[in-house]
Every structure is written in C-alpha cells, then in structure tokens.
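1. Return atomic coordinates for the entry below.
(2 chains, ligands or ions: 2)
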Amino acid sequence: MFLAIKEILHNKTRYLLVVFTVFLISYMVFFLTSLAVGLARENRTAVDQWDAKTVVVSSYANKSMVVSTIPQKQYQQYTDDKNVAEVGQMTVVSQLKNSSEKINTNVFGVDWKSYISPKLTAGRLPKTNHEVVVDDALKNDSIKLNSQIKINGSDKYYKVVGITKNNSFFAVPVIFSNMDTFRELKYGSSQIKNISALVIRNNKKINKSGLTQITIKDLVNHIPGYTAQVLVFSFMIIAMVIITFLIIGIFMYIITIQKISLYGVMRAQGIRTARIIESLFYQILVLTATGAGLALVFMGVTQFFLPKTVPFYSDWLAYGVLTLAIIVMALLGGSLSMRRVLKIDPLSAIEGE
Amino acid sequence: MNLVEMINVNRQYGSGRTLVEALHPTNFSLNSGEFIGIYGPSGSGKTTFLTILGLLQSPTQGKIFVNGRDMTKMTSREKTDLRFNKFGFVLQASNLIPFLTVKEQFKVVDKFTTSRRRKMNQNELLNLLDLQDVAHNYPSSLSGGERQRAAIARALYNNPDIILADEPTASLDSSRAEQVVQFLANIAHESQKGVIMITHDTRLLAATDHVYEMRDGFLRQQN
Ligand SMILES: Nc1ncnc2c1ncn2[C@@H]1O[C@H](COP(=O)(O)OP(=O)(O)O)[C@@H](O)[C@H]1O
Ligand SMILES: [Mg+2]
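-> Ligands and ions are numbered 1, 2, ... in the order given. The predicted structure is shown next:
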C-alpha cells in the first residue's frame, strides 16, 4: 500500500520504535517458548521414544512412574506379549572414572530385545551386566563411548558400549542397562524381579487389582514438576502475546491522534475512510511482521551462542504460530484507533491553522 | 451550466446564549466558466460558506444541489466521492500530505481515483505553477509560496469541475499572487470550470467575473 509505506519511510524513527518494540516482545516470546519446549522435552523425550499408547504402574504410585514398583507375580502373565514391554526406572547419580563430578541421570532397565530398547546412533547393544548405553547429552559431562562410569557409588565400573539420542526423562539423561543391572542397582539383587512399569504400544487393556493403566499423556503430566513448569511458561507466553495487543494498540493510537489533521486533509481531498483504515492496518501488519521476522532471525542466531546445557529447543512450528498470534494481537490493537479514524471530520483540515 | 446551487442555506454554531449565525440564509449559484471572488473581514463567515458549498460540512438549514442532485439526501460516502471527483480544494492551511513529494501528491489521486475522467497533465501543471524544480521535494522543504502553488496543482490535477480556494494567495508576494489569480481566471474561462476564490486583498478581485462581499454572515453581490 502506497500511502502506508510512504508514511513509514518518511517517519523512520517513529516507526522503527514500533518495529523495535515488536522485535523485543517477539524475541522474548520465542526465547521463553524455546526454554519451555526444551525443558518439557528433557522431561519426556525418553517416553516419547517408546511411541507407546499406555503405561501400567502400581496403583499406589499415583500415576508417577518414579515411585511405581510392580512385583513379578503381578506382571508375569503379560511378559510374552510383544506389545508389552517391561521397564525399570531409577533416578541415580553417575560418576566418570577418575572424576569427582557427580552427574544426575536415570537408569532405565530394559530387555534389549523389546521394542523399547534404545535406538543406537553409535556403538552396539550391551552383552554383559557391566555394559550400558547412554544418551549422547552426557557427552557434555565427558561421558562417551568406552567411558567407564560408576552408578550410585557402585564398586564396579560400567562400560559405555552404545550411544543413543533424545533419551531424557525427568529433566536428566537416561542410561540404559539390562533388567539385572537395574535390579541390582535399585533393589540390591537381580533376584528381586520387580519392574517400574509396563509399556503398551497397542490398545490392550489391563485390568488387575493393584495396577493402574494410564495414557502416555497422563504419565508425562505426572512427572513431578512437569505440569507446573508447562503452566508457568504458558502463562508467561500468553501474557506477553496479550501485552503485544496493548502496546501496539497504544502506540498506534498515539500515532493516530497525532495524525488527525493529516487525516482531515485526506478526507477533505475525498479519500475514503476505508482507505485510511486500510492503510492503518497495513502499516501494523508490515511493522509487526518486520519486528517478528527480525526476532526469528535472531532466534536462529541465538541457539549457536547458548551453552549446550541450557534446555533450549528451537520449535519453528511454535514460533510460526506465535508470530501469527502476535500479528493478530497487533491488528486487534489497531482497532483501538479505528473509532478515532472513523470520527475524523474533513473540516479538521481547515481548523488545523 | 449550473454547477452548484445553494437555496436558503444557513449555518449556526453553538446554541442558546452562545449561538452564532455564521451564515445567514443565503442563495447562491455557480456556473461553469465563472470566476467568483469573495472578500470580507476575518470572522465574517467566508470559510463557513465555502466549506458548506464544498460539502465539507452540512448546513443547519437549506438545500444544496450539485449538478442538480440534492446533497442533503446523500450518504457521507457519496459526498466523499463527490468531493474527490468534482471538487478541488485549495485550503487556507496546507492541504498537502506531508510524507509525499509534490509529484507523489498526484499519485494519490491516480491510486484512489474511481471515475474515468481525464486528469491534467502532470508536467504541464508543474510547469504552469513553476514547480518543476521542486517536484521531488516534500512539503516541509518548500517555501510558503511553493507550498501554496503545489496545493493548487494538487487541486487541479483531478480536473475537477469546481475549484474552491480559501485565501490561496495569503502566503505569496504580490506579483506571484497576481500570477496565481490570473491562472485561476484562465482555468475558469478556458476550461469552463467554476472557480471561487476567497481573499481579503481587494486588488486581486480585478480578474474575477463577479465579486461578493461577506459581512457578519450576509453574502452580498457587488457586481
Ligand atoms: N466550528 C466552529 N464552531 C463554532 N464557531 C465557529 C466554528 N467555525 C467558525 N465559527 C464562527 O463562525 C464565524 C465565521 O467564521 P469563518 O467562516 O471561519 O470566518 P472567515 O473565514 O470569514 O474568517 C466566526 O464567528 C467563527 O468564530
Ligand atoms: Mg477563513
């Protein structure tokens, strides 16, 4: 639109301020979103990797896998089913050989032949009780292929023979072991045949006293802290998007008020109000799209400068949706000025002297 | 041909004790090819008269016909379009858009024009008003006289039937003022337009066909 663009170019500072404001808000929205998604993912990627439908935990566990324990007699009747996999979960502290640094991790005990056995990006699956597969995020703590690690202060060392990726649970990376190793770590003996949960990938229904079947969504929502985190971030992001509405609305309102006599001139010349309103909204569209676009570019750059340990995940789909939301909010903000524009009297062109 | 006609039009401002009759009931008509001059002291109602005639504000009472159509029966949008297509305003305050160069002021007309009427030639118009050198300047960098001439050029570009000029020579020196008035006279006579010019410099009235005096809201024809 000719008028809209000409005006922006002629009043660069004024409109750059608007672009800059939108840029700042968008950048913060995107940054918060990246952190929220990053954190959420660290809580759940290991669960997402299963690609399962439901999970069975002990009834007393209140849907939390972290505290669930299922004794053998309650689950053994399901072990032959290929669509049901046993998993053992334990939160542990790991330590690299010759290092005093303690690293928070999970141990997931799995059957290497089950469908929840980790997908390897390097190395091989373990063959003995002293071999494990680790998530590649542990490389930030120098744990790599062939590293020797202690788990929960064990006397023995476990050797890393395989690497997997995107396996994080409860905000810490996962170490995969076989069931025997898991049982030794958690219950002190491989003879105590407990597991934490059954993971089911088909529509099988399990109805047994002492066991509760929950959806994956339910499981994730009951990871301690997860729901609270997601809520806090969501509220912050929504609040910022709504603030866009107010800031752009007020900005454009002030600019509109300053232009009343100019609009009077245009009306006196016989330019329709609809054209003026069109121009107003076109300007908002151009300004916010530019601001948000710049923020997107900066987001792309930001991820290269952040330490790897920051839970930051570039979710371009979410950015896209939020960009749209910001633009829509800004356009809604423009409607605050619409009433003023509609009321403009061509006579104000004359009263301007 | 009759272009605009006012029948018993008056305009009051305020009410009760603050009531001002800015324009007493007035009959007036403008024909094509006619150049009319109006003079009178400040506050006598000249601008009020001109803006009612130009559909920029409504009369308190009375009827106005544009090309035989009763404007009191028109919607505000119809009036806006009529203003765009039939009227050219040269207002006391600058009626230029500040963020457009002189040439771009014409472009607005090109963009928004709804009728297919022939427009004036831009370069001819700029030459005529001696604006060639400042064609790409913004209004803020023009002298008062240049701005006024640019406003006239803008008003004429649309090739309107009616040109309403409210003190178009106020910021011009006397030789330039005479040129502008002569130009308006030529437009009226050669292109068969109706031109009304308000001024308080009675020397400029020599070029007009008819002169009216406005005093205390009463419009009286002088010749
Ligand atoms: N919008 C308005 N509200 C109230 N009074 C007005 C308004 N416009 C003009 N007037 C009054 O109407 C009278 C005529 O004004 P105007 O037409 O501007 O005179 P002129 O153009 O001859 O100087 C003046 O007394 C002026 O104060
Ligand atoms: Mg006046």
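2. going forward, measure contacts between C-alpha atoms and count neighbours the same way
-> Fine.
3. Same question for stretch A:307-317: list its buried residues.
-> A:311, A:312, A:313, A:314 (16 or more other CA atoms under 10 Å in any protein chain shown).
4. Which one of those is nearest to chain B?
-> Nearest to chain B among those: residue A:314, at 40.6 Å, using CA to the nearest CA.
5. Could you pull up phi and psi at that closest one?
-> phi -80, psi 110 (degrees, to the nearest 10).
6. mind checking the SS state of the closest residue to it other than its chain neighbours?
-> Of all residues not flanking residue A:314 in the chain, residue A:34 sits nearest, at 5.5 Å (CA to CA, 6 or more residues apart in numbering or on different chains). Using DSSP: H, G, I helix; E, B strand; the rest coil, the structure places residue A:34 in helix.
7. Without its sequence neighbours, what residue ends up closest to residue 44?
-> All of this is about chain A. Counting by CA to CA, 6+ apart, the residue nearest residue A:44 is residue A:169, at 5.0 Å.
8. Chain B was what I was after
-> Nearest to residue B:44 is residue B:216, by CA to CA, 6+ apart, at 4.7 Å.
9. so what's that neighbour up against?
-> Contacts for residue B:216 (CA atoms under 8 Å, 6 or more residues apart in numbering or on different chains) come out as B:22, B:23, B:43, B:44, B:45.
10. In a markdown table: these, plus neighbour count.
-> Shown next, in a markdown table, are the contacts of residue B:216 (neighbours: other CA atoms under 10 Å in any protein chain shown):
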| residue | neighbour count |
| --- | --- |
| B:22 | 21 |
| B:23 | 26 |
| B:43 | 13 |
| B:44 | 19 |
| B:45 | 21 |
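11. Which members of those residues are the farthest-apart pair?
-> B:23 and B:43 (10.6 Å; CA to CA).
12. Please identify the buried residues of stretch B:212-223?
-> Those would be B:212, B:213, B:214, B:215, B:216, B:217, B:218, B:219, for stretch B:212-223 by 16+ other CA under 10 Å.
13. immediately after the lengthiest helix in chain B, which helix or strand?
-> Criterion DSSP state H: the longest helix present in chain B is helix B:174-190. Counting by DSSP states H and E, the next helix or strand C-terminal to helix B:174-190 is strand B:194-198.
14. Specify the angle between that next one and helix B:174-190 in degrees.
-> In terms of direction (axes from the mean of the first three to the mean of the last three CA atoms, to 10 degrees), strand B:194-198 departs from helix B:174-190 by 150 degrees.
15. Can you list the buried residues in strand B:194-198?
-> Applying 16+ other CA under 10 Å to strand B:194-198 flags B:194, B:195, B:196, B:197, B:198 as buried.
16. mind exporting stretch A:270-278 as CSV, just the C-alpha atoms?
-> Taking C-alpha atoms only, stretch A:270-278 is exported to CSV below (Å, rounded to 0.1, in the frame of the first residue of the first chain):
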residue,chain,number,x,y,z
GLY,A,270,-12.1,13.0,-0.9
ILE,A,271,-10.1,10.0,0.2
ARG,A,272,-12.4,7.4,1.7
THR,A,273,-12.2,6.5,5.4
ALA,A,274,-11.9,2.9,4.3
ARG,A,275,-8.6,3.7,2.6
ILE,A,276,-7.3,5.3,5.7
ILE,A,277,-8.2,2.4,7.9
GLU,A,278,-6.7,0.0,5.3
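17. Output stretch B:161-172 as PDB, nothing but the C-alphas.
-> The C-alpha coordinates for stretch B:161-172 follow below in PDB (Å, rounded to 0.1, in the frame of the first residue of the first chain):
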ATOM      1  CA  ASP B 161     -15.500  21.000 -12.200                       C
ATOM      2  CA  ILE B 162     -15.400  23.200  -9.200                       C
ATOM      3  CA  ILE B 163     -12.400  24.800  -7.600                       C
ATOM      4  CA  LEU B 164     -12.700  26.300  -4.200                       C
ATOM      5  CA  ALA B 165      -9.800  28.400  -3.000                       C
ATOM      6  CA  ASP B 166      -9.700  29.900   0.500                       C
ATOM      7  CA  GLU B 167      -7.200  32.700   0.500                       C
ATOM      8  CA  PRO B 168      -4.800  30.900  -1.900                       C
ATOM      9  CA  THR B 169      -2.600  33.900  -2.100                       C
ATOM     10  CA  ALA B 170      -2.200  34.500   1.600                       C
ATOM     11  CA  SER B 171       1.500  33.500   1.700                       C
ATOM     12  CA  LEU B 172       2.500  34.800  -1.700                       C
END
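18. Thank you kindly, that will do.
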